[in-house]
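Enquirer: Sequence and predicted model, in that order:
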Amino acid sequence: MRTRQLLRDALIALIHEKGFDAVKTQDITARATLNRATFYLHYRDKNDLLIKSLHEVLEELDGAVNVPRIRNNRLSADAIIKPLVTIFEHFAQHAEFYRVMLCEAGVPSILDELQQYIETVALQWITELQPHSDLRIVDPNMVIRFASTAYIGVVKWWLENDFPHSTEQITEQFLWLISLGIFRSIGLEVPSSVGK
């Protein structure tokens, strides 16, 4: 575990310094003060290190987040807020990792991996929160894609701007966007033809 952490930290630092394409396996092992044989015990190449590092970080997140539960046909604010705060805290704790992964030019896109994870979680949440498919107005797959893309965009903005809001504040604002929609979130009336 310590070896993998050293290699991951070395990769992130090197990508930040010189870009992913310029990083060689030898650079990573030298920065981590490990030999190449140790690297190849764990990873095939730097791409493998990149993807497996993301999976390790997401597994950590997975262990920390619980799907919100409805009690007595009601959803409490706490049931949604606590898991979302936990997720934003996770991104803050691993800020350097995600800044490089999501914001640095030249890093092979891990967006699909991250989006797939978020969509899996979102599907669990939707299934728990609204089990009656006949009551859903919008295709759940569209909802999931919309929410995951929006969430990744908000996280990128939050990281790029060095956390202009606390985890609680960003969670609250993200919830307003999701629950009120874009129009009402910026103080506009929903067009009267919508929903008719």
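Expert: Now that the structure is in, tell me what you want to look at. Residues are numbered from 1 along each chain as shown.
Enquirer: if I look at residue 25, how far off is residue 113?
Expert: Distance, residue 25 to residue 113, by Cβ to Cβ, to the nearest Å: 21 Å. For the C-beta atoms, the positions are set from N, CA and C on the backbone; glycine is no exception.
Enquirer: likewise residue 148?
Expert: Relative to residue 113, residue 148 is positioned 12 Å away (Cβ to Cβ).
Enquirer: ok, those two, which is more surrounded?
Expert: Using other Cβ atoms under 10 Å as the criterion, residue 148 and residue 113 rank with residue 148 on top: 21 against 15.
Enquirer: Go ahead and list the helix or strand containing the more buried one.
Expert: helix 140-160 (DSSP states H and E).
Enquirer: Now that helix: buried residues?
Expert: By neighbour count with 16 or more other Cβ atoms under 10 Å, helix 140-160 contains the buried residues 143-144, 147-148, 151-152, 154-156, 158-159.
Enquirer: tell me which strands and helices it is in contact with?
Expert: Applying 3 or more Cβ pairs under 8 Å, 6 or more residues apart in numbering; DSSP states H and E, we find helix 140-160 packed against helix 77-93, helix 95-98, helix 111-129, helix 167-185.
Enquirer: now it: how far from the chain's centre is it?
Expert: 8 Å (Cα atoms, centre = their mean, to the nearest Å).
Enquirer: for the record, mean pLDDT for that helix?
Expert: Helix 140-160 carries an average pLDDT of 92.
Enquirer: What of stretch 21-28?
Expert: The average pLDDT within stretch 21-28 is 95.
Enquirer: Neighbours of residue 109, how many?
Expert: The number of residues packed near residue 109 is 10, by other Cβ under 10 Å.
Enquirer: Equivalent analysis for residue 136, please.
Expert: Residue 136 has 11 neighbours, counted by other Cβ under 10 Å.
Enquirer: need the contact list for it.
Expert: Each residue near residue 136 by Cβ atoms under 8 Å, 6 or more residues apart in numbering is listed here: 130, 143.
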